[in-house]
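Asker: below are the sequence and a predicted model for it; my questions follow.
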Amino acid sequence: MANIIWKDRKRIIFGLPWSFTRYSLTEDKLLIDTGFLSRTEEEIRLYRIMDITLKRPLGQRLWGLGSVHLCTGDKSTPELDVKRIKNAKEFRDLLSNMVEKQREEKRIVAREFMDGDEAEDNHEL
């Protein structure tokens, strides 16, 4: 069993963790376990995470919560939300650092292509 570095639950009413969604972070993957009787576990390898966005709408901030939106290179889960967790900013920072560490260890380089400008230059009038 991998060493769990961080874990939390999706929170619902009044910031209480009364839901059946559990999040766990290990050195190399993020696990999302959902369900009660029938459970599903989603696994995202950290090196596949391309972009991390912290979202803290007023309703969540009132209860000390936030959500982290992930864009990944994973075919089955290209986008994922870690919803309504405590200390969301600290989680985002931890996750970001761990993603960079995994990319360095695996020697993976993210290449972003900007095709918006190129499309305008090639457009004939």
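Answerer: Structure received.
Asker: from here on, contacts and neighbour counts on C-alpha atoms
Answerer: OK.
Asker: pretty sure Gln60 sits in a strand.
Answerer: No. Assigned with DSSP: H, G, I helix; E, B strand; the rest coil, Gln60 falls outside any strand and is helix.
Asker: so what's it up against?
Answerer: Applying Cα atoms under 8 Å, 6 or more residues apart in numbering to Gln60 gives the contacts 15, 66, 84.
Asker: the strands in this structure, which residues?
Answerer: Listed in chain order, the strands of the chain (DSSP state E) span 6-9, 21-25, 29-34, 40-45, 49-55, 65-72, 79-86.
Asker: what is the third one packed up against?
Answerer: By that I understand strand 29-34. strand 21-25, strand 40-45 (3 or more Cα pairs under 8 Å, 6 or more residues apart in numbering; DSSP states H and E).
Asker: quickly compare those strands and say which is most buried.
Answerer: Mean neighbour count (mean count of other Cα atoms under 10 Å) peaks for strand 21-25 among the helices and strands packed on strand 29-34, with a mean of 19.
Asker: partner strands of that one and their direction?
Answerer: strand 6-9 (antiparallel), strand 29-34 (antiparallel) (DSSP bridges).
Asker: so which of the strands of the chain comes closest to Val99?
Answerer: strand 49-55 (6.9 Å; Cα to Cα).
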